[in-house]
Structure formats: C-alpha cells, structure tokens
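> fold the following.
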Amino acid sequence: MTPGDAMVRVTGLDVRFQSRRGSAHAVKDVSFAVEAGGALGIVGESGCGKSTVLRSLAGLEQRWTGRVELAGRPVGPRRSRDELARVQMVFQDPYGSLHPRHRIGRALAEPLIAMGLPDPWDHVPGALARVGLPAAFADRYPHQLSGGQRQRVAIARALMLQPGIVLLDEPTSALDVSIQAEILNLLMELREEHGLTYVFVSHDLAVVGQMCDRVLVMKEGACVEELSADALRARTVTAPYTRELIANSFL
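Now for the predicted structure:
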C-alpha cells in the first residue's frame, strides 16, 4: 500500500461485555482510519475503552460488532493465521509480556515457530540488532534485562512476522522517564525505516503529540473528537473534554 491509502479503517466499532452485574458498553460506535505509514494516537482516561479498541484490532477481543479493515481487507472477530500476522501488538508491561522461563532467543523465535516458518532461530540476531541489543542477549532470561531492554525485546518480537501494523498499548508508561525517550525514539526510527503504521494508546498527551500524526480522544467508550497532532500541541481543540485533558497534562 502507498501513503494516503488507509492501512487501518474502523467503522462503527461497538464492544459490549456481559457479566453477572449486567451489560457494559465498553466501545460505542467508534470510527477512524489510519493511512499507510501513519500513526494515530488514542487518548482518554483509564476505562474509556482505548485499550479495548486495540485488542479488537489485534484479534484478542472478539466481542465486537462493526467493520474493521486491515491493509484494505475486511477482518472478522476470529482471524486466520495470516490475518493475525498482519497486525502485532506491544503491551504496557515488558516483564509480564515475556515468559519468565524462556530465554530471549526463544521469545523472539516463537512467532515464527507458531506460523510454521523455516529457520526461525536464524532471524534472532538480526531482530536483536534491529532494536539496538547485542546478539548475546538471546541466551539471557527476561529477569536479567532492564525494563528498557525488555521493552526493546517486546518490540523486536512484534516485528518478527514483518507486520504492516503495530499496536502500542502504553509502551513506555512502565519505564523510567530517562528510558522512555530512548524507546520512543526507537519506535519512530522503526516506523520510518520499515514504513510501519501505528495505533498508539496512551494517557500522556505529550507523548502522543510527539509520536502521532492524528489523535482520537475517547470518553466513556465514545469518540468525542479527532484532530491533528499539530492542533493538539497548539491546543486548538473543540471538545470541552479535550480541553480538560490538556489542562491536566504536561502538554
């Protein structure tokens, strides 16, 4: 796909959860598009539904209705292996997302093994180099790495299947401030180098303003405003809720 084409297109996404307490309407008629090579940030308070949107895109949440198109192709709640490979996710907690008893090399080879691809271990050194880590880290366990190094491994693992779309769920919020900038710079470099399309969830408006081209503001499961990152940084917003978020941020 070329820049300008929609790599991600979501129309009328709706997610409801059923529990003994009743029904919860987590995502309400949310629509957006992200062009190939672009980056969309989704912001809002905890519980607003932004992570549920990501999980729906990733195929981890199947209780949704609406229409989702990835790389120009519609996908359903249940995905084929090829559809799952097309979009990968980086989670908030780099320690919790890596198996504590698996060496880093196995963690990186696992997506290729799961897809039945040949010579998965041959790709591990290059994957580590791509995120600025030495090949020797393949023999280490997650607890032997710092938080920033673990998140680099998580990013490398997300890229093993060469997805066009990467979903980022608060990828730096669990890291020290000094390390956050390194990871954000790495993500920007990888996006430019590989033409990746990002959907980036964060509570930090300054990070989203730095990383993304456009911003979707969510409140109580619904989209209240979509605007450019330039408009966000200039505080040229229309929704009162967006003004409230800006007032409570370091933007």
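
> can you map out the strands along the stretch 151-251 of the chain?
With strands called from DSSP state E, counting those that start in this stretch, the stretch 151-251 of the chain shows them at 165-169, 197-201, 214-219, 222-228.

> would you list the strands that the first one pairs with, along with their directions?
Applying DSSP bridges, strand 165-169 is found paired with strand 87-90 (parallel), strand 197-201 (parallel).

> returning to what we had before: indicate which one of the strands of the stretch 151-251 of the chain is closest to Thr11.
Thr11 lies closest, by Cβ to Cβ, to one member of the strands of the stretch 151-251 of the chain: strand 222-228, at 12.0 Å. Yep, even glycine has a C-beta here, placed from its N, CA and C like the rest.

> before we move on, what SS does Ala26 have?
strand (DSSP: H, G, I helix; E, B strand; the rest coil).

> returning to what we had before: pick the most buried one from the strands paired with strand 165-169.
Compared across the strands paired with strand 165-169, strand 197-201 shows the largest average neighbour count, a mean of 26 (mean count of other Cβ atoms under 10 Å).

> hmm, who's touching that one?
Applying Cβ atoms under 8 Å, 6 or more residues apart in numbering, the contact partners of strand 197-201 are 7-8, 34-43, 50-51, 53-54, 57, 164-171, 187, 191, 208, 211-212.

> what of stretch 27-37?
Residues contacting stretch 27-37 (Cβ under 8 Å, 6+ apart): 1-15, 40, 49, 52-53, 56, 64, 66, 164, 191, 195-199, 214, 216, 218, 220-223, 226.

> how close does Asp29 get to Gln180?
Counting by Cβ to Cβ, to the nearest Å, the gap from Asp29 to Gln180 is 33 Å.

> can you give me the helices in the stretch 51-200 of the chain?
Using DSSP state H, counting those that start in this stretch, the helices of the stretch 51-200 of the chain run over residues 81-86, 104-114, 124-130, 147-158, 177-194.

> pull the distance from the helix or strand of the chain with the lowest mean pLDDT to the chain's centre.
For the chain, the helix or strand with the lowest mean confidence is helix 81-86, at a mean of 92 (criterion: mean pLDDT, DSSP states H and E). Chain-centre distance of helix 81-86: 15 Å, with Cα atoms, centre = their mean, to the nearest Å.

> ok so, going back, buried only: go through the contacts of stretch 27-37 for me.
Applying 16 or more other Cβ atoms under 10 Å to those, the neighbour count classes 6-10, 13-15, 40, 49, 52-53, 56, 64, 164, 191, 196-199, 214, 216, 218, 221, 223, 226 as buried.

> could you find the closest non-adjacent residue to Ala135?
Spatially, and ignoring its direct neighbours in sequence, Ala135 is nearest to Pro125 (4.1 Å; Cβ to Cβ, 6 or more residues apart in numbering).
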